[in-house]
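>>> based on what follows, work out the 3D shape:
(2 chains)
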Amino acid sequence: MTPRKDTVGRKTTSIPVGPQHPALKEPESFTFEIDGETIVDVIPRLGYVHRGIEKAMESRTYIQNLYLAERICGICSHSHTTCYAQGVEELLDVKIPDRANFIRVIIAELERIHSHMLWLGVAAHEIGFDTLFMHSWLDRELVMDLLELISGNRVNYAMNTIGGVRRNISDDGGQKVKDSLADVEERMKHYVEVIKTDQSIRQRTKNIGPLNCTPAADLCAAGPTLRASGIARDVRKDDPYAAYGEIPFDVISYDGCDLFSRTLVRCEEILEAIKITDYAIDNLPEGAIRVRAARKVPEGRVVSRLEAPRGELIHYCKSNGTDTPERYKVRAPTLANVLALGNMLIGGNVADIPIVLAGIDPCFSCMDRMAFVDTKSDKRWTWTQEDLQRYALKC
Amino acid sequence: MGILKWSRSKSPWLIHFNTGGCNGCDIELLAALTPKYDVERFGIVLEGSPRHADVMAVTGPVTRQVRKRLRRIYDQMPEPKFVVAIGSCALTGAPFGDCYNVLGGTEKQIPVDVYVPGCPPRPEAIIDGIAKLLGKMESSDDDDGE
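Down below sits the predicted model:
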């Protein structure tokens, strides 16, 4: 730790966290300026996962890019391909069959369920509640089995193609999804009950990581982070894509503006996602699942957006009449939320760093589209998660 | 078999480092640690600090930014150390192999003992890879002073 002075002359101490830090799971580095127990500043240093996907997309064909877009992020892989395919379909002026739209919704919602359950487990782990971590990951396997049943894959589903989807859902498969989701629903209701009543969860999350409504809107927070600050904004409702316009569902929002609300928003979104999936399976239209699309895309520009599990995902594509895009740009939800992290952390306790960081459900592999340069990169020692947790438990 | 070697192969501690991957392998590695697959029955525990770890599980292609950190974390691990490269990216760089910010697979930076291919590999494949590593640990001829 190196003592230094902050902008108003107080003596502060820097604690670097990351890039290797299991609380983050991904290589990303934050420097915390602390005064005693209180965090006075946080400097994120991004770019460790920057691979150069946007540039790589410019040298691959539209079909090849589908698989590259899938690998922007392993957790929200379906969101990225849907966003990509939607954009290219708009440029091609292709209307995809209704059944394909419904199948896209089913996979998207299953993905949301598994992503939020994954988050619940990680968050529980960060507050030292490993039992809930293990339980939630065990139940998550039910959803992973369903995704495997439908797509043949557990993580990169490869369901989307330009002009529709690649695999159909049989009546039998649909029934299995519904049966299994009924079990997940029952478990989730139990977890919501546990989260609402358990004292240790309440103490570690109530009024922790505050993000009020105004700064949340000003800093363009997205997804569950925004909805936990009392702003019910959801692309599925505000600008319906795929089949969301035809499916009734509620946008979950809480106005606690803290981690407790973020947890509840995600848990109840799982319940809502189960309802959406059930409805989509019951009302799955008959017909083809894909239409043929041209390989060459006419000149044009398109912005495509959708609600990924972590928030609003935006893809931009500029085509020039060939079979490769001229420019591609991705704005992932974590990049929108990372700015709000400063607000949540400053004034908080050092012991709450891991859970507040986990609270926005960061996905840095999505985010690192652009590289930030840190001008103060003098190396200091790094706290491991062990150290932080030991410290957290001591406090 | 010496007691150190015996204890190491009965309970290897794992450190996980993502060198720029998409998270796909990371969630599968975590899934392998949770109840359905449960590698803890082999005594495998996920550790936070490289100084406590015997095995480094690397996922993702090595990006330019992360290269120094990977080397540093590897150097911080006590001897003897083992490396498992998980997923196609960690093996060769896979779809990101020709990206300007990617240096390719893990083996170009640090020595790798076990390769687990797949995009991402299933938890079963990861367990198989780690079990192969345990065999390698037991049969390795380093004598730890017994």
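>>> and the residue of chain A that's closest to chain B?
residue A:74 (2.5 Å; C-beta to the nearest C-beta). For every residue, glycine as well, the C-beta is placed using N, CA and C.
>>> in contact with that residue, which residues?
Residue A:74 is in contact with A:155-156, A:365, B:21-27, B:120, counting by C-beta atoms under 8 Å, 6 or more residues apart in numbering or on different chains.
>>> what residues of stretch A:125-138 count as buried?
A:125-127, A:129, A:132-138 (16 or more other C-beta atoms under 10 Å in any protein chain shown).
>>> what's the distance between it and the middle of its chain?
Relative to the centre of its chain, stretch A:125-138 is centred 19 Å away, using C-alpha atoms, centre = their mean, to the nearest Å.
>>> end to end, how far does stretch A:304-322 reach?
One end of stretch A:304-322 to the other measures 20 Å (C-alpha to C-alpha, to the nearest Å).
>>> what does the model give residue 126 for pLDDT?
Assuming you mean chain A. If you check residue A:126, the pLDDT there is 87.
>>> the intended chain is chain B.
92.
>>> that one belongs to a strand?
No: assigned with DSSP: H, G, I helix; E, B strand; the rest coil, residue B:126 falls outside any strand and is helix.
>>> mind giving me the packing neighbours of the host helix or strand of residue A:124?
Remark: residue A:124 resides in helix A:98-126, with elements defined by DSSP states H and E. On a contact count with 3 or more C-beta pairs under 8 Å, 6 or more residues apart in numbering or on different chains; DSSP states H and E, helix A:98-126 meets helix A:77-92, helix A:130-151, strand A:164-165, helix A:171-197, helix A:259-282, helix A:353-359.
>>> sorry, back to before: same list, the contacts of residue A:74, but as CSV with pLDDT, neighbour count and distance to residue A:169 please.
Shown next, in CSV, are the contacts of residue A:74 (pLDDT from 0 to 100; neighbours: other C-beta atoms under 10 Å in any protein chain shown; distance: C-beta to C-beta, whole Å):
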residue, pLDDT, neighbour count, distance to residue A:169
A:155, 90, 27, 19
A:156, 91, 19, 18
A:365, 67, 31, 28
B:21, 85, 31, 30
B:22, 87, 35, 26
B:23, 87, 28, 26
B:24, 90, 27, 23
B:25, 90, 29, 27
B:26, 89, 24, 28
B:27, 90, 25, 24
B:120, 90, 30, 23
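>>> closest to residue B:85 out of those residues?
Here the nearest of the contacts of residue A:74 to residue B:85, counting by C-beta to C-beta, is residue B:25; it sits at 9.7 Å.
>>> follow-up on the earlier one: ok, of the buried residues of stretch A:125-138, which one's closest to residue A:80?
Distances from residue A:80 to the buried residues of stretch A:125-138, taken by C-beta to C-beta, are shortest for residue A:137, at 23.1 Å.
>>> could you chop chain A up by domain?
Using automatic domain parsing, the domain parsing of chain A gives A:2-49+A:347-394, A:53-331.
>>> looking at those, which has the lowest confidence?
The minimum mean pLDDT among these belongs to domain A:2-49+A:347-394 (a mean of 68).
>>> which residue lies nearest the spatial centre of the chain?
Unless you meant another one, I'm taking chain A. residue A:310 (2.7 Å; C-alpha atoms, centre = their mean).
>>> I was thinking of chain B, sorry if that wasn't clear
Centroid check for chain B by C-alpha atoms, centre = their mean gives residue B:57 as the closest residue, at 1.9 Å.
>>> that one falls within a strand, correct?
Yes: assessed with three-state DSSP, residue B:57 lies in a strand.
>>> what's it in contact with, if anything?
Remark: with contacts taken as C-beta under 8 Å, 6+ apart, residue B:57 is in contact with B:14-17, B:29, B:84, B:86.
>>> residue A:203 too?
No contacts exist for residue A:203 under C-beta under 8 Å, 6+ apart.
>>> ends of stretch A:145-165, how far apart?
The straight-line separation of the ends of stretch A:145-165 (C-alpha to C-alpha) is 19 Å.
>>> distance from it to the middle of the chain?
Centre-to-centre, stretch A:145-165 and its host chain are 18 Å apart (C-alpha atoms, centre = their mean).
>>> buried residues in that stretch?
A:146-147, A:150-151, A:153-165.
>>> check stretch B:79-90 too.
By 16+ other C-beta under 10 Å, the buried positions in stretch B:79-90 come out as B:81-90.
>>> going by distance to chain A, which of those wins?
Checking those against chain A with C-beta to the nearest C-beta, the nearest one is residue B:89 at 8.3 Å.
>>> OK, contacts around whichever residue of chain B sits closest to chain A?
The nearest approach of chain B to chain A comes at residue B:24, 2.5 Å away (C-beta to the nearest C-beta). Contact partners of residue B:24, counting by C-beta under 8 Å, 6+ apart, are A:71, A:74-75, A:77, A:155-156, B:87, B:119-120.
>>> if we use 7 Å, what do you get?
A:74, A:155-156, B:120 (C-beta atoms under 7 Å, 6 or more residues apart in numbering or on different chains).
>>> ok, now residue A:53?
Neighbours of residue A:53 in contact, by C-beta under 7 Å, 6+ apart: A:68, A:72, B:99.
>>> what about these, which are in helices?
For those, the ones inside helices are residue A:68, with DSSP state H as the criterion.
>>> out of the contacts of residue A:53, who has the most neighbours?
residue A:72 (29 neighbours; other C-beta atoms under 10 Å in any protein chain shown).
>>> name the nearest residue to that residue, sequence neighbours excluded.
Leaving aside its sequence neighbours, residue A:72 sits nearest to residue A:80 (C-beta to C-beta, 6 or more residues apart in numbering or on different chains; 4.8 Å).
>>> mind listing what that neighbour touches?
By C-beta under 7 Å, 6+ apart, the neighbours of residue A:80 are A:69-70, A:72-73.
>>> who in chain A is up against chain B?
Residues of chain A lying close to chain B by C-beta under 7 Å from any C-beta of the partner chain are A:19-20, A:22, A:25-27, A:47-53, A:55-56, A:67-68, A:71-75, A:118, A:134, A:137-138, A:141, A:154-156, A:363, A:365, A:384-386.
>>> on that earlier part again, SS state for the closest residue to the residue of chain B closest to chain A other than its chain neighbours?
Closest residue to residue B:24 apart from its sequence neighbours, by C-beta to C-beta, 6+ apart: residue A:74 at 2.5 Å. Using three-state DSSP, the structure places residue A:74 in coil.
>>> ok, residue A:74 to residue A:26 distance?
11 Å (C-beta to C-beta, to the nearest Å).
>>> shared neighbours, the two?
With C-beta under 7 Å, 6+ apart, residue A:74 and residue A:26 have common neighbours residue B:23.
>>> quick revisit: now the contacts of residue B:24 as CSV including secondary structure and distance to residue B:61?
Output for those, formatted as CSV (DSSP: H, G, I helix; E, B strand; the rest coil; distance: C-beta to C-beta, whole Å):
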residue, secondary structure, distance to residue B:61
A:74, coil, 13
A:155, coil, 16
A:156, coil, 15
B:120, coil, 13
